[in-house]
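>>> Predicted structure and sequence below. I'll ask about it afterward.
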Amino acid sequence: MKIRIYFFAVLTVLFSPLTEPRLWAALPETTLKTDREVTSPKHKINLVFSLTDGVPTYAVNFNKRPVILSSALGFELKDGALKNGFTLLDAKKSSVDETWTQPWGEQKEVRNHYNELAVTLQLAGNQKRQLRIRFRVFDDAIAFRYEWPEQPGLKDFEIMDELTEFVLAADHTALWQPAFRPQQSEQLYAKTRLSELLRQTRLEHGDELAGDNPKKDPVRAVTTPLTLETDDGLFLVIHEADLTDYAAMELQPRDNHALKCDLAPWSDSVRVRASAPSVSPWRFVMISDQLSDIVEHTSTTALNLNSPSQIADTSWIKPGKYVGIWWGMHLGKYTWHPSKPGEDSSDGLGATTQNTRDYIDFASKYGFNGVLVEGWNKGWAKDWVAHAAEFSFTEPTAEFDLAGLASYAHGKGVDLISHHETGAVITNYEAQVEAAFAQCERLGIHHVKSGYVGMEPRVNRYDPNGKLIGAEYLDGQYMVRHYRKIAMLAAKYHIMLDAHEPIKDTGEQRTWPNFMSREGARGQEYNAWASDGGNPPNHDVNLVFTRFLSGPFDFTPGVLQVTYPQYKKNNRVNTTAVKQLAMYVTFYSPLQMAADLPENYLKYPDLFQFIRDVPADWEETHLLNGAIGEYVTLARKQRDSEDWYVGSMTDAKPRTLAAPLKFLPKGKTYVAQIYRDADDADWKTNPIAYKLEQQLVTHATTLSLPLAAGGGAAIRLKPATPEELARLKPKT
């Protein structure tokens, strides 16, 4: 009789759609297990939440293939753990399918379509602490976040460790960047197996480190987005979204192809200080067998995981292109500070009234929206990093007529872009920033580029009396709070932000669309002064599959004079000139700079024309081809226009790529204005050799794009006029 009862209990459990712990209780000496599943709308991705003997885990399959194996969930708190001893209180499912419009972006219309599972867990014991985990499953991604509901047993609490894991199914290839390093977001990317990454975290000495820029300290963790490619044709990206009042997530490799969440700690080792009710950022994983899903949808997935805009009227937030007194400083033509006689061989201070008027005139004549001026304010010195606490953000130098230039710019239809370099002295900046933003609004200055050069990866934190409390990570909770405070304050004063040395982008520009662009990766300036030779040709391609997956990046492209021996004999831009044009399509920023010196644009007026034409706001984006770390071709449709643009880039290997134009509307003929590398172009030996071609194209056309080593192609596609139809012949 006992055998029959046990057999019936097993059948009941196996065929029950919702397995309950009480059913397992009928089995003697059997593990108590509860599973809940949620599947993506088109059934591509399946996520299983499990509670086994009170321990929560999750696993993910893509088209029935294991992608993430059973992985840990939970926390270590200062006064206890939230990792085991749980029972399931509740499990609720829901679905959302909506489309919303971005005020600016890579896609005008964004679809948000997912199925959701929210499980509420409760700890045994007197406090009965509760933790809710909310899972969302899209057709090309999974996401989850932790929630601490309001409850008697949990008010203020301190997180000492987040136990979240991503246990991957095999030893995938990773394109990664080390975390917790000086200028950590400005490291070059390494491409290795996960097993090699794990080996490097266990090195006692750093002389074996992989990558193009070895350091003397071993790898502790890697940054996100982390891009992975499997041997059987899948692409994965691990990142986070809605980073609000929390520490940024880095990923620490573990045994068995596991990656564990590693939160940037406070100086006292606490990772996060929180109060219930509160939520964590979303942890999300893009999963697809199509690289186009990864490139086109990763940043929009992050946007979908953020709250809608908190700015009711966004009409003042406008994308555009700008020029500025910047590249000349990196070249050494100008300085940020007034020069003393015999101090250097430059032309002296860049931010003078006359220089700025000249740049305003140039911007107005050639259709640019703004002029960036660095070095305009008091406090700049040759050793300014050591004296950053002396910066004023409201007082201009004697050489710079702030109010007069703002008025002059407006008369020319141009905006000044102010520069706030904090030197990572946060207390000094926060003490002045509201007055500075209010002054900007009074003067009609609506753009601010901020900077945090200093003690990365840490900044000093002081109490109100100026006493040093500790050094905090640039992506720890202290700085996450600071960046959000600045974004909210900027919105109050109608300021659009471009932050350098920023917190990572996690899609919060949906909530605060005035936070338009940021740095957060190794940009163009490294080509002017880096002792390691600047950015190698594969770096530009790597960025498309890593940093740009998180959101806009102010790389500052457009340097056409890629060699400059009169300024820097040992430096150069490691691309062809045409590849710099391609960046305006492949590199997305709603505030896009034309970085080169004005005189160089006048030397190459035909190349400059593409920079003048290309927009900074898009309606659609499509990946035409690509291979991680090797090459990429993107097509984008100009917002509220019929024009399309194509950009293609390669690494140090020359190649010819096919660009099918299937995105064009059927039955319509376009003119392709093609800017390409000349047949004998090469980034090392002949970088400015180029060809300009025109031809008629249609939906059925496939263009052949010959790319030089380190080169690219840039194409404008506009509807053909009757005259062009008569003059040009279509090619297929």
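Right, received. Where do you want to start?

>>> hey, let's count contacts and neighbours off CA atoms from now on
Fine.

>>> Who does Val272 form a beta bridge with?
Assessed by DSSP bridges, Val272 has beta-bridge partners Ile159.

>>> Which residue, other than its chain neighbours, is closest to the residue nearest the centre of the chain?
By C-alpha atoms, centre = their mean, the chain has its centre lying nearest to Ser550, at 3.1 Å. Closest residue in space to Ser550, ignoring its immediate chain neighbours: Ser299 at 5.1 Å, by C-alpha to C-alpha, 6 or more residues apart in numbering.

>>> Could I get the pLDDT score of that neighbour?
pLDDT, Ser299: 97.

>>> so who does the closest residue to Ala170 other than its chain neighbours touch?
With C-alpha to C-alpha, 6+ apart as the criterion, Ala170 has its nearest non-adjacent residue at 6.3 Å, and that residue is His257. Applying C-alpha atoms under 8 Å, 6 or more residues apart in numbering, we find His257 in contact with Val167, Leu168, Ala169, Ala170, Asp171, Leu194, Ser195.

>>> Surely the last one is in a helix?
In other words, Ser195. Yes. Counting by DSSP: H, G, I helix; E, B strand; the rest coil, Ser195 falls inside a helix.

>>> can you tell me how far it sits from Leu251?
Using C-alpha to C-alpha, to the nearest Å, Ser195 is found at 14 Å from Leu251.

>>> Please compute how far the host helix or strand of Ser70 lies from its chain's middle.
For Ser70, the host element (DSSP states H and E) is strand 65-72. Centroid displacement of strand 65-72 relative to its chain, using C-alpha atoms, centre = their mean, to the nearest Å, is 26 Å.

>>> Please apply the same query to stretch 520-529.
With C-alpha atoms, centre = their mean as the basis, the mean position of stretch 520-529 lies at 16 Å from the chain mean.

>>> sorry, back to before: for the residue nearest to the centre of the chain, give me the backbone phi and psi.
Main-chain dihedrals, Ser550, degrees, to the nearest 10: phi -90, psi -20.

>>> still on that earlier bit, can you pull the contacts of the residue nearest to Ser550?
In this structure, Ser299 makes contact with Gly507, Phe548, Leu549, Ser550, Gly551, judged by C-alpha under 8 Å, 6+ apart.

>>> list the contacts for Thr164?
Ser71, Ala72, Leu73, Gly74, Phe75, Lys260, Cys261.

>>> so what's the fifth one up against?
Phe75 makes contacts with Ala81, Leu82, Lys83, Ile159, Met160, Asp161, Glu162, Leu163, Thr164, as judged by C-alpha under 8 Å, 6+ apart.

>>> and which of those residues is nearest Phe608?
The shortest approach to Phe608 among the contacts of Phe75 belongs to Thr164, at 48.7 Å (C-alpha to C-alpha).

>>> Looking at the contacts of Ser299, which two lie furthest apart in space?
Gly507 and Phe548 (11.7 Å).

>>> Which one of these two is surrounded by more residues?
Gly507 (26 against 22; other C-alpha atoms under 10 Å).

>>> and the more buried one, how far is that from Lys78?
30 Å.

>>> where does the stretch 401-550 of the chain dip in pLDDT?
455-456 (pLDDT under 70).

>>> Repeat that for the chain.
1-30, 203-218, 339-347, 455-456, 730-732.

>>> distance between the ends of stretch 650-659?
14 Å.

>>> what do you get for stretch 650-670?
Stretch 650-670 end-to-end distance (C-alpha to C-alpha) = 26 Å.

>>> So what touches that stretch?
537-541, 624-625, 629-633, 696-712, 717-720.

>>> and with 7 Å instead?
537-538, 541, 624, 630-632, 696-712, 717-720 (C-alpha atoms under 7 Å, 6 or more residues apart in numbering).

>>> Hmm, Glu642 and Arg716 touching each other?
No. The pair Arg716 / Glu642 is not scored as a contact, 11.0 Å apart, by C-alpha atoms under 7 Å.

>>> So those two - more neighbours on which side?
Taking other C-alpha under 10 Å, Arg716 and Glu642 do not tie; Arg716 has more neighbours (21 against 14).

>>> which of the contacts of Phe75 are buried?
Leu82, Lys83, Ile159, Met160, Asp161, Glu162, Leu163, Thr164 (16 or more other C-alpha atoms under 10 Å).

>>> Name the SS class of the residue nearest to Ser550, please.
Quick answer, by three-state DSSP: Ser299 is helix.

>>> End to end on stretch 256-268, go ahead and measure it.
Stretch 256-268: ends 31 Å apart by C-alpha to C-alpha.

>>> Quick one: distance of it to the chain centre.
The answer for stretch 256-268 is 20 Å, by C-alpha atoms, centre = their mean.

>>> So which bits of it are buried?
Buried residues in stretch 256-268, defined by neighbour count with 16+ other C-alpha under 10 Å: His257, Ala258, Leu259, Lys260, Cys261, Asp262, Leu263, Ala264, Pro265, Trp266, Ser267.

>>> Show me what the second one is bridged to.
So that's Ala258. Going by DSSP bridges, Ala258 forms beta bridges with Val167, Arg254.

>>> Is it correct that it is in contact with Ala170?
No. The criterion here is C-alpha under 7 Å, and Ala258 misses it with Ala170 at 9.3 Å.

>>> what residues are up against the nearest residue to Thr633 once chain neighbours are set aside?
The shortest distance from Thr633 to any non-neighbouring residue, by C-alpha to C-alpha, 6+ apart, is to Ser648 (4.1 Å). Residues near Ser648 by C-alpha under 7 Å, 6+ apart: Ala582, Val632, Thr633, Leu634, Gly712, Ala713, Ala714.

>>> Pull the distance from the helix or strand harbouring Leu725 to the chain's centre.
Assigned by DSSP H and E, Leu725 belongs to helix 722-727. Mean C-alpha position of helix 722-727 versus that of the full chain (C-alpha atoms, centre = their mean) differs by 43 Å.

>>> Which residues does the top helix by length along the chain contact?
The single longest helix within the chain, with elements called by DSSP state H, is helix 426-443. Contact with helix 426-443 is made by Ala389, Phe393, Thr394, Ala403, Ala406, Thr422, His446, Ala490, Tyr493, His494, as judged by C-alpha under 7 Å, 6+ apart.

>>> got the end-to-end distance for stretch 672-692?
Start-to-end, stretch 672-692 (C-alpha to C-alpha) is 10 Å.

>>> quick one: contacts for the residue nearest to Lys33 when sequence neighbours are not counted?
Spatial nearest neighbour of Lys33, excluding adjacent residues (C-alpha to C-alpha, 6+ apart): Thr52 at 4.4 Å. Thr52 is in contact with Leu32, Lys33, Thr34, counting by C-alpha under 7 Å, 6+ apart.

>>> What's opposite Thr52 in the beta bridge?
Lys33, Val55.

>>> how much space between it and Thr39?
Remark: distance between Thr52 and Thr39 (C-alpha to C-alpha) = 21 Å.

>>> hmm, back to that, tell me which residues in the helix holding Leu725 are buried?
Glu724, Leu725.

>>> Filter the contacts of Ser299 down to just the ones in helices.
Per DSSP H, these never map to helices.

>>> quick one, strands of the stretch 51-200 of the chain?
55-62, 65-72, 75-77, 80-82, 86-101, 109-123, 130-138, 141-148, 156-162, 165-168, 173-176, 190-193 (DSSP state E, counting those that start in this stretch).

>>> closest to Ala276 out of these?
strand 141-148 (5.5 Å).

>>> what's the offset of that closest one from the middle of its chain?
20 Å.

>>> what sits up against it?
130-137, 276-287.
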